[in-house]
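Student: Give the three-dimensional model of this entry:
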Amino acid sequence: MASATRREDDGPDGIEFICTGDRIMTARNLETELARGGEARVEALAQLAEVLAVEAGDGEPVEDPTEFLGEVGIDPNGDERSLLDFLR
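Tutor: So this is what the prediction gives:
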């Protein structure tokens, strides 16, 4: 049988799964409090893993934001109100 010991100065760790009423599963990292959702646990966990990797410094910097927006299908000259807050 495996066991784990936690020092008193350790903060929370692990992943919490939350199922909302609209059938979306959310995976939340208890240490960073970052969360992502999906239609199943595996999808939510995969999305969270990507976010945690970016938070840790992985990924590629966006050199030209206008070009990047076009590549992901967002009109950079469109109505700003339709953009997500972090893209404004």
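Student: Make sure residue 28 is indeed in a strand.
Tutor: Yes. Counting by DSSP: H, G, I helix; E, B strand; the rest coil, residue 28 is located in a strand.
Student: If it is in a bridge, with which residues?
Tutor: Beta-bridge partners of residue 28, counted by DSSP bridges, are residue 16, residue 35.
Student: so it touches residue 19, yeah?
Tutor: No. Residue 28 lies out of contact with residue 19 (Cβ atoms under 8 Å); the separation is 11.9 Å. No exception for glycine: its C-beta is placed from N, CA and C like everyone else's.
Student: Between the two, which has more neighbouring residues?
Tutor: More crowded of residue 28 and residue 19, by other Cβ atoms under 10 Å: residue 28, with 17 against 12.
Student: So which residues make contact with the longest helix along the chain?
Tutor: Scanning the chain for the helix with the most residues, using DSSP state H, yields helix 41-55. By Cβ atoms under 8 Å, 6 or more residues apart in numbering, the residues outside helix 41-55 that reach it are 15, 17, 25-29, 32, 34-38, 59.
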